[in-house]
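Asks: Sequence and predicted structure, then a few things I'm wondering about:
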Amino acid sequence: MRCIKCGEKAIMELPRHNSAFCKPDYLEYFETQVERVIRRRRTFNRDDRILIGVSGGKDSLSLWHVLARMGYKTAGLHIHLGIGEYSSLSYEKTLRFSEQHGLTLFTVDLAGKYGMNVTELSRTLRRAPCSGCGLSKRYILNREAYERGFDALATGHNLDDETATLLGNILHWQIGHLARQSPVLPSTGEKLIKRVKPLYTLTERETAAYALLHGIDYILEECPNAWKAKSLLYKDALARIEAESPGAKQRFLTQFLEAAQARLQVGADDYVLRDCVRCGQPTTAELCAFCRMWQQATERAEKRKRYRETASGREMPTLQERF
Ligand code: Q46
Ligand code: ZN
């Protein structure tokens with residue numbers, strides 16, 4: 001297998017592009033893909049300050065690395081989710097990367113700032129960990145980007161993530177989600193920061209190769225809650241299709257973005273944003289979804305505490321106190 005650009009021995013084969021590359025040409029291919037997304041999708045300008053959501057995984061660290069290499073003004077934001085050893089390791093890898101490359105890293109500790117980590121939140125609300133985790137991450141990333149004066153918020157979502165999300169949204173006909181599924185979500189209000197996904201044309205395998213070739217030390221372990229997420233099932237199904245028909249994933253997403261997404265926009269902006277009465281972040285209701293979730297979690301936690309105190313005393317709890 002030879003590099004299609006220079007004829008040297010190839011180290012990376014890309015069946016979906018019917019090509020193969022040596023190390024320097026693969027790294028150039030990767031940067032060209034990112035550059036193309038930035039230019040074509042107008043994600044951000046040279047003067048913009050970009051906050052990158054970094055988990056310590058291959059995608060977010062590769063994104064931070066490539067944007068910093070290309071000379072963009074970047075800083076990272078790591079949210080410590082408190083998911084046991086996985087979160088400690090994620091933080092360590094992120095911190096080490098930022099120190100090695102002299103990049104600014106901000107950290108938010110979910111339990112420290114909001115009172116519970118993802119595991120406690122999930123137990124208290126009796127909801128799947130990913131639902132509270134996903135909502136918290138979206139909210140905190142936007143809020144931190146706004147309060148710290150960033151122009152754009154970038155995440156490391158890749159082609160596999162985006163096609164799995166697309167498949168899930170189609171299977172459940174989530175029209176609202178489909179209307180908003182885009183590599184660039186422009187700011188629709190002063191406090192809603194533009195969200196961009198510069199790696200959306202690159203696969204997981206491709207970002208892993210970029211990270212390995214640059215010696216980026218990323219966390220290999222998956223989040224222990226990941227197996228519960230339906231996205232893994234969708235990724236498996238799409239991988240089988242891709243193996244039979246190289247390029248299928250890319251066509252699936254590209255054709256959705258080019259042919260279908262604009263049609264779903266009708267009525268998508270028919271809502272009025274106002275400030276959440278509790279936190280001041282933009283929302284369509286009185287309380288934003290994040291504050292509603294935390295209010296419910298706090299109330300339940302207090303109720304349980306009262307119940308435990310009563311149960312350990314002489315009085316038996318009433319039915320009302322139990323529930
Ligand atoms: S970190 Fe959070 Fe993911 Fe873990 S709990 Fe689910 S959403 S799987 S990307
Ligand atoms: Zn709020």
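Replies: Arrived safely. Values in this document were obtained by computation on a predicted structure and should not be read as measured data. Ligands and ions are numbered 1, 2, ... in the order given.
Asks: care to break the protein down by domain?
Replies: What automatic domain parsing lists as the domains of the chain is 12-270, 271-323.
Asks: any idea which of these is most buried?
Replies: domain 12-270 (a mean of 18; mean count of other C-beta atoms under 10 Å). C-beta here means a position set from N, CA and C on the backbone, and glycine is covered the same way.
Asks: tell me the mean pLDDT for it?
Replies: The average of the pLDDT scores along domain 12-270 is 95.
Asks: returning to what we had before: so for ligand 1, which of the domains of the chain sits nearest?
Replies: Relative to ligand 1, the nearest member of the domains of the chain by C-beta to the nearest ligand atom is domain 12-270, separated by 3.1 Å.
Asks: and the closest one, how far from the chain's centre?
Replies: 4 Å (C-alpha atoms, centre = their mean, to the nearest Å).
Asks: Is that domain positioned near ligand 1?
Replies: Yes. Domain 12-270 reaches ligand 1 (C-beta under 6 Å from any ligand atom) through 81, 83, 118, 129-130, 133-134, 223, 225-226, 229.
Asks: Check the spacing between the closest residue in space to Ala68 that isn't next to it in sequence and Tyr29 real quick.
Replies: Leaving aside its chain neighbours, Ala68 sits nearest to Thr74 (5.4 Å; criterion: C-beta to C-beta, 6 or more residues apart in numbering). In this view, Thr74 and Tyr29 are 21 Å apart by C-beta to C-beta, to the nearest Å.
Asks: Wait, a helix at His78?
Replies: No. Read with DSSP: H, G, I helix; E, B strand; the rest coil, His78 is strand and lies in no helix.
Asks: check contacts around it.
Replies: 54-56, 90-91, 94-95, 105-108 (C-beta atoms under 8 Å, 6 or more residues apart in numbering).
Asks: what's the answer for Ala211, then?
Replies: 58, 61-62, 65, 218.
Asks: what's the following helix or strand after the one helix or strand it maps to?
Replies: For Ala211, the host element (DSSP states H and E) is helix 204-213. As assigned by DSSP H and E, the chain's next helix or strand after helix 204-213 is helix 230-244.
Asks: quick check: angle from the helix or strand following that following helix to helix 230-244?
Replies: Following helix 230-244 in sequence order, the next helix or strand is helix 248-255 (DSSP H and E). Interaxial angle, helix 248-255 versus helix 230-244 (axes from the mean of the first three to the mean of the last three C-alpha atoms, to 10 degrees): 110 degrees.
Asks: any residues touching helix 248-255, and which ones?
Replies: Taking C-beta under 8 Å, 6+ apart as the rule, helix 248-255 contacts 16, 159-160, 162-163, 166-167, 200-201, 203, 238, 241-242.
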